[in-house]
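J.: can't give you the sequence, but here's the structure:
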């Protein structure tokens, strides 16, 4: 959950040559002028920002959890040849509490809208993505 529970997010990360790791995905969002969903991703233990309470309700958590479960099953089935289980992308953004003015791709305007995006490429020099 992002933006204090206003946005649900599902990010499918797999070891593909043409897509990057979590840090690469976040960097691509930042480079495009979007929100920084995890500003403390590289902070050391105990160095993060103060906790901000989440306001998502149980049904919203359930919705995102069900989407994550379906994505996991579809990913396995697709890998084993079930073409009808192909997902529209690797990054799902679920609008739980839409707010005008959010930066793309988080700029959804209706509740429960799901936007799928393709995963971003690996950043050159990324220690996680590049071969040792």
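T.: That came through, no problem. All values reported here derive from a predicted model rather than from experimental measurement.
J.: and residue 3, how far is that from residue 110?
T.: 16 Å (CB to CB, to the nearest Å). (Glycine included, C-beta is placed from N, CA and C.)
J.: Neighbour count for these two, which is higher?
T.: Taking other CB atoms under 10 Å, residue 3 and residue 110 do not tie; residue 3 has more neighbours (19 against 7).
J.: so what's that one up against?
T.: Applying CB atoms under 8 Å, 6 or more residues apart in numbering, we find residue 3 in contact with 35, 97, 99, 102, 106.
J.: Can I get the buried part of the residues you listed as one PyMOL selection?
T.: Only the buried entries of the contacts of residue 3 go into this PyMOL selection, using 16 or more other CB atoms under 10 Å:
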select buried, resi 35+102+106
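J.: Could I get the contacts of residue 3 in JSON lines, plus columns for distance to residue 121 and secondary structure?
T.: Shown next, in JSON lines, are these (distance: CB to CB, whole Å; DSSP: H, G, I helix; E, B strand; the rest coil):
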{"residue": "35", "distance to residue 121": "20", "secondary structure": "coil"}
{"residue": "97", "distance to residue 121": "31", "secondary structure": "coil"}
{"residue": "99", "distance to residue 121": "29", "secondary structure": "coil"}
{"residue": "102", "distance to residue 121": "24", "secondary structure": "coil"}
{"residue": "106", "distance to residue 121": "20", "secondary structure": "coil"}
